[in-house]
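*Asks:* Have a look; sequence and predicted model below, questions after that.
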Amino acid sequence: MKDTQKQSSLAIGILRGIAGFVVLILIFLLGYIFITGLPNVSWHFLTSPAKAFTAGGGIGIQLFNSFYLLILAMVISLPISIGASIYLSEYVKDNLFTDTIRTSIEILSSLPSVVVGLFGFLLFVIQFNFGFSIISGALTLTIFNLPLLTRNIEESINGVSSDQLQGGLGLGLSKFETIYHIVIPAALPGIISGIILCSGRVFGEAAALIYTAGQSAPALNFGDWNPFNIDSPLSPMRPAETLAVHIWKINSEGIMPDLSKISSGSAAVLVLAILIFNLSARYVGRKVFERMTSAR
Amino acid sequence: MIGKAKYSKDRGFSMDNQKLAKQLMKKSKTARYERMGKLGSLAMLLLIMVIVIGIIVFVTSKGLTMFFSDHISFKDFLTGTLWNPGTKTPSGHPAVGALPMIVGSFLVTILAALISTPFAIGTAVYMTEISPKRGAKILQPVTELLVGIPSVVYGFIGLSLVVPFVRNTLGGSGFGILSGTFVLFVMILPTIVSMTVDSLKSVPTFYHQASLALGATQWQTIWKVVLRAATPGILTAIVFGMARAFGEALAVQMVIGNASLMPHNLISPASTLTSVLTAGMGNTVMGSLQNDALWSLALVLLLMSLFFSLLVHFIGRRGSFKK
């Protein structure tokens, strides 16, 4: 063999080694999370409230808070993102204004989540006087979520063939009608995958929430679903510690004796939820596509 | 009779014409719908822009409060090494030195980027050039999942694995820059890998073919052609990874030890901008000097983040493929 060939096979061997090492790290990480965490997960753990000083607490309220905040944040951010991405993908012309807007979305997406959290703290918690509450948290998560969701939706709208738009216009529909009734439905599978993927990101976010949704999870009365009562699970004005914040909180200042069990169990639940979000994003997107197009 | 009928018929026509004219002059329902839709979606876009400007303006004005209303000089803030807002240093300057945090943030970011870059590029090259099938089947989904793992989980793993490991092998408490670097290394690795893969995939196939046709080995093709062509994309990936590391709050805060001291070695407890912010914001009163000092740290964080965005923008503009 020539020198260059030897060199080539050596280098490629090293690359294989690096890739193998990275895979090992990743497998080890996932394995560690699930192997140490899952044995601590039980129905009792998932449904009972946390205990501050004694063993045997659960993550019931935190889990509920996480999902409630996620749903609220998605409900608020979806119309904004869809509107913005419609404009970005269909109406925009190449000029300075567009450039500025795209740059500002880029900036928003690269802002550290703690800065977004501090802004939410300043605006919602203090200026609007919402206090540490679900609504402050949901609005902050909306800001955190907007750039990525907008980009995802814009990409799926751009993925729709321009023939669809031409067809709608050719039939005499106005542009917005065509977009709303033809292009958006055609982009729906991609949009749904995007929403689920963003949900995973929002679900695990903690830094934006510690100073907006708060770090305490007061007891909830699960028999009372009137959103205007302060101990109702639906009340938007109550402080709500989420699962991700809970992991951080108990690891920084928790004093319960079964701390490591609770954190590893919570971490496993969190990663499992994200795993489900990621896998279902593809699956649901494909199913919706098949439903709508009878492509199989 | 006939004439009258004719007259009224005529008048009828003229009334129809007037109506028609009115109808034609008026905007149709469709046109109004179109206008509403367009303006509505524009309003949403403008809302996002207002939010971004709002964040920058709010954080900047809060961050500058300390310098203008508490009369603290930029020099004391950027070069002082003692952080205990509200008190004075032995030499009589206000103790608002943010240098330990700034150094801490930069150290963990640069070290983490230095370690993860070769691993990330190696993995990405493996995924795209050496074994694309295995890459797509195993590595792609795993990296995607790891990008999505919440930072608190990384922090928790760092706390339960990395910190004890560092403590047992190198001594000290285990909390410090080194542990932070390890955690960030694993955190930003999947980010850099997936973006590098994208940029390697965008290298045109005829680059490979031309290089192989000239008799270059696979390695020569990868090293001298593919990686060179993808350099701007790879740089963007690294900058993104660094931006993520620099802004990461909780994972770092959990393993770095949170002592606002100049780090004298890699295993002594230290702190970063984000760790001081998350740990301190809840313990200070709005409007006090202690609080204003924290907002100044947030301003530094914001400016760095803007700098990273600018860098990405710049690299992207110079490096996009001409096809």
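*Replies:* Happy to help now that I have it. Numbering: from 1, shown residues only, chains lettered A, B, ... in the order given.

*Asks:* In chain B, where's the longest helix?
*Replies:* The longest helix of chain B (DSSP state H) is helix B:29-68.

*Asks:* Got the phi and psi for residue B:97?
*Replies:* Main-chain torsions, residue B:97, degrees, to the nearest 10: phi -70, psi 120.

*Asks:* how close does the nearest residue to it once chain neighbours are set aside sit to chain A?
*Replies:* Using Cβ to Cβ, 6 or more residues apart in numbering or on different chains and skipping the chain neighbours, the partner closest in space to residue B:97 is residue B:80 (2.3 Å). Using the backbone N, CA and C atoms, a C-beta is placed for each residue, glycine as well. Going from residue B:80 to chain A by Cβ to the nearest Cβ, to the nearest Å gives 22 Å.

*Asks:* Give me the packing partners of the longest helix of chain B, helices and strands only.
*Replies:* helix A:60-86, helix A:96-110, helix A:113-120, helix A:134-158, helix A:175-178, helix B:74-79, helix B:289-319 (3 or more Cβ pairs under 8 Å, 6 or more residues apart in numbering or on different chains; DSSP states H and E).

*Asks:* what about the closest residue to residue B:222 other than its chain neighbours, how many neighbours?
*Replies:* Leaving aside its chain neighbours, residue B:222 sits nearest to residue B:129 (5.5 Å; criterion: Cβ to Cβ, 6+ apart). When neighbours are defined as other Cβ atoms under 10 Å in any protein chain shown, residue B:129 has 21 of them.

*Asks:* Residue B:129 contacts residue B:223, doesn't it?
*Replies:* No. Counting by Cβ atoms under 8 Å, residue B:129 sits too far from residue B:223 to count as a contact (10.5 Å).

*Asks:* Residue B:94 bridge partners, please.
*Replies:* residue B:88 (DSSP bridges).

*Asks:* need the contact list for it.
*Replies:* Shown in contact with residue B:94 (Cβ atoms under 8 Å, 6 or more residues apart in numbering or on different chains): B:72, B:76, B:85, B:87, B:88.

*Asks:* Disregarding flanking residues, what is the spatial nearest neighbour of the third one?
*Replies:* Leaving aside its sequence neighbours, residue B:85 sits nearest to residue B:293 (Cβ to Cβ, 6+ apart; 3.9 Å).

*Asks:* Quick check: pLDDT value at the one you found.
*Replies:* Reported pLDDT at residue B:293 in the predicted model: 88.

*Asks:* now do residue A:257
*Replies:* With respect to pLDDT, residue A:257 has a value of 81.

*Asks:* try residue B:61
*Replies:* Residue B:61 carries a pLDDT value of 92.

*Asks:* how close does it sit to residue B:67?
*Replies:* Going from residue B:61 to residue B:67 by Cβ to Cβ, to the nearest Å gives 11 Å.

*Asks:* sorry, back to before: separate out the buried members of the contacts of residue B:94.
*Replies:* Neighbour-count burial within these applies to B:72, B:76, B:85; the criterion is 16 or more other Cβ atoms under 10 Å in any protein chain shown.

*Asks:* From those, pick the one nearest residue A:32.
*Replies:* In terms of Cβ to Cβ, no member of the buried ones among the contacts of residue B:94 lies closer to residue A:32 than residue B:85, at 39.1 Å.

*Asks:* Surely that closest one touches residue B:295?
*Replies:* No. If you go by Cβ under 8 Å, residue B:85 and residue B:295 don't touch, sitting 10.9 Å apart.

*Asks:* Mutual contacts of those two, please.
*Replies:* Joint contacts of residue B:85 and residue B:295 (Cβ under 8 Å, 6+ apart) do not exist.

*Asks:* What are the phi and psi values at the closest residue to residue A:221 other than its chain neighbours?
*Replies:* With Cβ to Cβ, 6+ apart as the criterion, residue A:221 has its nearest non-adjacent residue at 4.7 Å, and that residue is residue A:231. When read as degrees, to the nearest 10, the backbone of residue A:231 gives phi -100, psi 10.

*Asks:* Next, the contact list for residue A:231, please.
*Replies:* Counted by Cβ under 8 Å, 6+ apart, residue A:231 has contacts A:218, A:219, A:220, A:221, A:224, A:238.

*Asks:* CSV for these, including secondary structure?
*Replies:* Output for those, formatted as CSV (DSSP: H, G, I helix; E, B strand; the rest coil):
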residue, secondary structure
A:218, coil
A:219, coil
A:220, coil
A:221, coil
A:224, coil
A:238, coil
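
*Asks:* farthest-separated two in those?
*Replies:* A:218 and A:224 (13.2 Å).

*Asks:* Spell out which parts of the stretch 151-300 of chain B neighbour chain A.
*Replies:* The stretch 151-300 of chain B comes close to chain A at residues B:151-153, B:155-157, B:159-161, B:186, B:189-190, B:193, B:217-220, B:222-223, B:240, B:243, B:246-250, B:253-254, B:274, B:277-279, B:281-282, B:286, B:295, B:298, as judged by Cβ under 8 Å from any Cβ of the partner chain.
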